[in-house]
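S.K.: build me a structure from this.
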Amino acid sequence: MKKSNLFWLIALYTFIISGCSTKKVDLERIINERVKSSNISLIPEEAGSTPSYFCTWSAQNFGVDSTTFKYMIGLGEHSLPSDNLTEEVVFGNGGWEKQFPESIKKDLFLSFDVGWDIAGGSYKNEKNKFILGVLEVATDKFPSCTGTPEEKLSRLNQLAINAGWKGAGIWIASQTSMDSKGLNPTDEEVEKFYRERLIWSRKAGIQYWKVDYGSRGEDLKYRQMLTRLSHEEAPGLWVENGRSAGPFNDEENYGVVQARKTGRFKNWDNGNALKKTHDLLEFSDVLRSYDVTAQLSIPTTLDRVSEILNTFTSLQSGRGIINCEDEPYIAASLGCAIGIMRHPALLEVPGFDYDPLNVKKQMDAVVRAVRWQRLSPAFSVGANTTTLDTVPNLDFWNFKKGQSWAVWMNGKTVLQAASARVARGMQLPDVKCDSISPYVTCSKFPNGNYAVSTLIRTDSVKGFIYPLADVTLYCNQIAPVGVFGNFKSLTLVFEPQTHIKTVLAQDLAGDKAIDITDLIKIKQNTIMLSGELLKLVGLSAASVNDVSEPGLVICFK
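M.R.: You can find the predicted model right below:
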């Protein structure tokens with residue numbers, strides 16, 4: 001090849017590369033300038049109605065000191081973190097609630113977990129054992145909560161409200177204090193016990209009970225009774241039930257091997273785990289999908305949520321909602337409530353890789369999901385149909401010491417799987433990807449809005465993988481669309497007669513919407529948005545040092 005030809009080839013290549021780079025820089029500059037000059041917002045100021053919450057439990061374990069941290073990462077029992085739940089540590093200078101994003105406190109309950117009703121150090125005293133189920137505020141921990149039991153609860157609730165939260169939620173052991181003391185109460189005594197405490201809650205303004213483990217936790221009649229009494233004595237109180245279970249689907253849990261190791265929730269205990277969960281949700285206000293590991297949280301949680309939803313497809317009995325715990329983009333895209341566990345104060349301790357995705361620096365994702373719930377509240381499991389992909393995605397993790405409280409799996413590889421695509425109230429999206437595909441979830445909400453999310457894949461050899469896919473979403477009407485995660489492209493297909501003139505978009509973490517009509521492709525009833533555009537808009541209000549994936553709302557005229 002002649003030197004002159006080589007020179008021009010190099011020049012042409014340089015021009016192409018610089019042109020592509022300039023286009024990206026120009027797009028970012030255009031978006032930033034439009035955001036800066038915008039004076040409109042697509043997100044309501046009013047707090048949402050979804051019963052989501054921030055739970056103190058993770059902070060109690062991993063946000064105090066290295067002693068507690070190492071104790072709990074080794075699967076210690078709950079007496080030590082119980083002592084960490086105090087008025088000072090929650091509301092004092094630099095307290096947990098003060099470090100939480102202010103913009104969404106009013107949307108959330110501040111849920112006090114194990115310890116709010118247990119005296120400090122009680123587990124150390126043989127005469128004053130670690131008694132669960134008292135349901136009276138421990139005044140040694142919350143000194144401003146004095147008076148009668150009702151007044152104590154009222155003051156606890158007011159502490160949360162004064163700090164900007166929707167109110168206080170309280171953790172409830174699935175046993176009474178009489179059970180804890182071995183007194184074997186009668187059914188009548190148990191009912192009287194809870195009626196009294198439900199009345200306290202109603203008068204105190206408590207609106208959320210998080211009913212968890214205890215000696216009666218697997219008793220369906222007990223949980224039915226508790227939910228029924230709450231409707232009688234405290235109308236408006238949300239009672240959340242959770243089926244106590246290990247962190248893996250159809251896998252060894254707490255060292256007990258009773259599994260086929262398929263990684264699927266529907267196969268766990270020969271289908272009994274799913275059936276029992278369905279039966280529990282038939283009468284529950286809220287059902288929590290329950291504990292998972294940080295490494296496999298997405299496949300484990302998604303499989304539970306999607307399989308439970310599938311059992312309630314258009315069933316009138318499905319009036320409750322699912323709380324998918326600390327997976328905000330699953331919640332946002334599938335109409336679930338969120339039980340937030342992450343917190344900026346979570347410690348980094350050398351030798352312990354318990355937070356591999358650095359969720360303590362992914363608070364913007366929580367903000368985006370919660371603010372989306374103002375536009376599109378969580379909805380009941382039987383409200384519409386759920387469609388699952390027949391092909392699952394398979395994720396793996398080989399657990400090493402210090403990575404999880406699931407210590408019985410140290411040195412072992414766990415498989416967890418979930419449907420590659422999940423859709424509520426609409427058809428499955430089309431997904432095209434050059435390599436492995438992300439999980440893709442979507443919903444049409446009862447108010448007509450849509451949401452779609454891509455979710456990461458997990459492989460302990462390759463790490464956490466963020467595959468970019470071309471996703472096509474089929475919408476039968478013009479309505480706001482929430483978009484979460486990373487895409488190669490997103491195509492929205494509307495009814496044939498649809499004519500779109502203007503398209504607005506806004507980072508759900510921010511307050512400024514911009515016109516993106518000239519930055520997208522519109523062809524009659526179809527619009528195509530590049531992944532780069534979605535990312536730049538969806539992160540345009542990102543907090544400093546936050547590593548969350550994008551989340552935005554798109555509206556049409």
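S.K.: okay, residue 159 and residue 528: tell me how far apart.
M.R.: 50 Å (CB to CB, to the nearest Å). The way it works is simple: take the backbone N, C-alpha and C, and place the C-beta from them, glycine included.
S.K.: neighbour count: the two, which is higher?
M.R.: residue 159 (21 against 16; other CB atoms under 10 Å).
S.K.: that one and residue 88 touch, don't they?
M.R.: No - between residue 159 and residue 88 there is no contact under CB atoms under 8 Å: 11.6 Å.
S.K.: list the buried residues of stretch 353-372.
M.R.: Residues of stretch 353-372 classed as buried by neighbour count (16 or more other CB atoms under 10 Å): 354-357, 359-372.
S.K.: how about residue 510, what does it touch?
M.R.: 35, 540, 541 (CB atoms under 8 Å, 6 or more residues apart in numbering).
S.K.: what does the model give it for pLDDT?
M.R.: Note for residue 510: predicted pLDDT of 98.
S.K.: and it, how close does it get to residue 45?
M.R.: 14 Å.
S.K.: ok, residue 121 next?
M.R.: 44 Å.
S.K.: could you do residue 349 as well?
M.R.: From residue 349 to residue 45 the distance is 40 Å (CB to CB).
S.K.: who's more crowded, the two?
M.R.: residue 349 (15 against 8).
S.K.: how is residue 294 assigned, secondary-structure-wise?
M.R.: Put simply, residue 294 is coil when judged by DSSP: H, G, I helix; E, B strand; the rest coil.
S.K.: quick one: it and residue 406 touch, right?
M.R.: No - contact criterion CB under 8 Å: residue 294 and residue 406 do not qualify, at 9.9 Å.
S.K.: neighbour count: these two, which is higher?
M.R.: Higher neighbour count among residue 294 and residue 406: residue 406, with 25 against 20, using other CB under 10 Å.
S.K.: strands of the stretch 451-557 of the chain, start to end?
M.R.: Here the stretch 451-557 of the chain has its strands, by DSSP state E, counting those that start in this stretch, at 457-459, 463-465, 470-474, 481-484, 489-493, 503-507, 514-515, 521-523, 526-530, 551-556.
S.K.: actually the stretch 1-150 of the chain, not the one I typed
M.R.: Along the stretch 1-150 of the chain, counting by DSSP E, counting those that start in this stretch, strands occupy 53-55, 109-112.
S.K.: switch the ones you listed over to JSON lines; also include distance to residue 185, mean neighbour count and mean pLDDT.
M.R.: Formatted as JSON lines, the strands of the stretch 1-150 of the chain follow (distance: least, CB to CB, whole Å; neighbours: other CB atoms under 10 Å; pLDDT from 0 to 100):
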{"stretch": "strand 53-55", "distance to residue 185": "28", "mean neighbour count": "27", "mean pLDDT": "98"}
{"stretch": "strand 109-112", "distance to residue 185": "25", "mean neighbour count": "26", "mean pLDDT": "98"}
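S.K.: including distance to residue 133, could those strands go into CSV?
M.R.: Formatted as CSV, the strands of the stretch 1-150 of the chain follow (distance: least, CB to CB, whole Å):
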stretch, distance to residue 133
strand 53-55, 18
strand 109-112, 15
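S.K.: residue 382: which of those strands is closest?
M.R.: With CB to CB as the measure, strand 53-55 is the member of the strands of the stretch 1-150 of the chain nearest residue 382 (23.0 Å).
S.K.: run me through the strand neighbours of the closest one, direction for each.
M.R.: Note on strand 53-55: by DSSP bridges, its sheet partners are strand 109-112 (parallel), strand 339-340 (parallel).
S.K.: what comes into contact with the last one?
M.R.: Spelled out, it's strand 339-340. Residues outside strand 339-340 that contact it (CB under 8 Å, 6+ apart): 52-55, 108, 111, 288, 323-326, 328, 366.
S.K.: check the longest one too.
M.R.: Around strand 109-112, the neighbours that count as contacts under CB under 8 Å, 6+ apart are 51-56, 85, 90, 97, 156, 160, 163, 165-171, 207-208, 210, 339.
S.K.: distance between that strand and the chain's centre?
M.R.: Using CA atoms, centre = their mean, to the nearest Å, the mean C-alpha position of strand 109-112 is found 15 Å from that of the whole chain.
S.K.: restricting to C-alpha, output it in PDB.
M.R.: Provided in PDB are the C-alpha atoms of strand 109-112 (Å, rounded to 0.1, in the frame of the first residue of the first chain):
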ATOM      1  CA  PHE A 109     -42.300   4.400  56.800                       C
ATOM      2  CA  LEU A 110     -39.300   4.300  59.100                       C
ATOM      3  CA  SER A 111     -39.500   0.700  60.100                       C
ATOM      4  CA  PHE A 112     -38.000  -0.200  63.500                       C
END
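S.K.: pull the number of nearby residues for the residue nearest to residue 352 when sequence neighbours are not counted.
M.R.: Computed as CB to CB, 6 or more residues apart in numbering, the closest residue to residue 352 that is not its neighbour in sequence is residue 402, at 4.3 Å. As a burial measure, residue 402 scores 16 neighbours (other CB under 10 Å).
S.K.: residue 402 and residue 356 touch, don't they?
M.R.: No - if you go by CB under 8 Å, residue 402 and residue 356 don't touch, sitting 11.2 Å apart.
S.K.: circling back: just the ones of the buried residues of stretch 353-372 in helices?
M.R.: Under the assignment DSSP state H, these contribute 363, 364, 365, 366, 367, 368, 369, 370, 371, 372 to helices.
S.K.: let me see the contact set for the fourth one.
M.R.: The neighbours of residue 366, taking CB under 8 Å, 6+ apart as the test, are 101, 104, 328, 338, 340, 342.
S.K.: chain neighbours aside, what residue packs nearest to the third one?
M.R.: Looking back up the chat, that one is residue 328. residue 369 (3.5 Å).
S.K.: pretty sure that neighbour sits against residue 334.
M.R.: No - using CB under 8 Å, residue 369 makes no contact with residue 334, being 11.0 Å away.
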